[in-house]
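using only what follows, build the 3D model:
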Amino acid sequence: MKLIILFAICLSFIQCTSKTSEEEPYTFDKVRQITLQNMEYPDIIGIGMQLVQIDSLLIINDFHGDSLLNVYDPGRHAIKKRLISKGSGPNDMSSPLDISLCNDKLYILSRPLFKFAYIPKDQVLAPRPQMYGHTQLPQMSDRFLPLNDSLFVFSGMWEQRYALYQKHKADSLRTFGDYPAFWSEEKGIPVMSKAMFHQCEMVKHPKKDLFASASNYVLEIFSFDPTGKELPHLKFRKKLGNYEYTFSSGEMISAKRKETSDPRVLRICCSEKYLYLLREVKDDENQMEICIIDWEGKPIELLKADKRITTLIIHEAQHKGFCLADDPECMLYSFDIL
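Next up, the predicted model:
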């Protein structure tokens, strides 16, 4: 009888405390402080949204700038070109923009207009750069990622979490992927409120047929078919922190994180070896952390920064990172990643 009772107690304890590895947030054995070095950017940055590197140049996506994209030469501390004016002309866009470099093309998505186009990389510094491949997307599209010149992944407000789009194919938008449900009460929340809360940013592996998606609290890694015949396959999913949120549905959709939630992941970028997740620090809004994860989802190292980084990119060959940080104005910095 004692043996049966002891077994029942142990079984109950296991059932109450066991968690899968995907439900346990990352911990890091290796932690290092980094120093941000001011790059002496010669102009005011309104709200820096993104950084993209083209050879030795940095493209700054500025939400509030007169020109939405600025091409900066770090070696000369000079702005080489200003691209994309706000407006409705053939080479204008409405902000905020989402930008991504793929196969020597700088892709530009106007998020409020649901349309994208591209500028060839070799025309970025031309006297009058032209945009090509203007494409109108279905409404409710949000962030995007070019996988190649004809295949794109979008996030948006849909019944499923992502959509695969093949250019030049009518009605080619195919949705896939389920929304996370790591919070115990999340399964009963309306899909559109989940979509609002789990908005994400995506990056593609520089050489392999892989891409990763990071929302505030969930990391996902997919493999994909470059021909687009098959939908992307989920290889890895990880909860990045504990979260809860309030929500509303119907005509006004909203989702607001509760203050009891863990610090959020705000950005993701990548290199051939690693994913870099930009994460807030609990109880200190003036510091940030960079979680380095490999493409199998394993934790590598945690970098700590003493400024509020808002976006970043990594140049693995140069062993350098570049970032925008509020100090208190938005400034451009570099840092060592070794």
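
confirm that residue 122 sits in a helix.
Yes - judged by DSSP: H, G, I helix; E, B strand; the rest coil, residue 122 forms part of a helix.

surely it and residue 105 touch.
No - between residue 122 and residue 105 there is no contact under Cβ atoms under 8 Å: 9.9 Å. In this view, the C-beta of every residue, glycine as well, is placed from N, C-alpha and C.

remind me which residues of the protein are low pLDDT?
Residues of the chain meeting the criterion pLDDT under 70: 1-20, 170.

quick one: contacts for the residue nearest to the spatial centre of it?
Centrality entry for the chain: nearest residue to the mean C-alpha point is residue 201, 2.6 Å, by Cα atoms, centre = their mean. Residue 201 sits next to 143, 213, 214, 215, 267, 268 when contact means Cβ atoms under 8 Å, 6 or more residues apart in numbering.

dump these to JSON lines, plus neighbour count, secondary structure and distance to residue 311.
JSON lines is the format used below for the contacts of residue 201 (neighbours: other Cβ atoms under 10 Å; DSSP: H, G, I helix; E, B strand; the rest coil; distance: Cβ to Cβ, whole Å):
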{"residue": "143", "neighbour count": "18", "secondary structure": "strand", "distance to residue 311": "13"}
{"residue": "213", "neighbour count": "25", "secondary structure": "strand", "distance to residue 311": "16"}
{"residue": "214", "neighbour count": "27", "secondary structure": "strand", "distance to residue 311": "13"}
{"residue": "215", "neighbour count": "22", "secondary structure": "coil", "distance to residue 311": "16"}
{"residue": "267", "neighbour count": "21", "secondary structure": "strand", "distance to residue 311": "5"}
{"residue": "268", "neighbour count": "21", "secondary structure": "strand", "distance to residue 311": "10"}
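
with distance to residue 38 as added columns, please give those residues in a markdown table.
A markdown table is the format used below for the contacts of residue 201 (distance: Cβ to Cβ, whole Å):
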| residue | distance to residue 38 |
| --- | --- |
| 143 | 30 |
| 213 | 32 |
| 214 | 27 |
| 215 | 31 |
| 267 | 20 |
| 268 | 24 |
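
can you tell me which of the residues you listed is nearest residue 256?
Distance to residue 256 across the contacts of residue 201 (Cβ to Cβ) is lowest for residue 215, with 14.6 Å.
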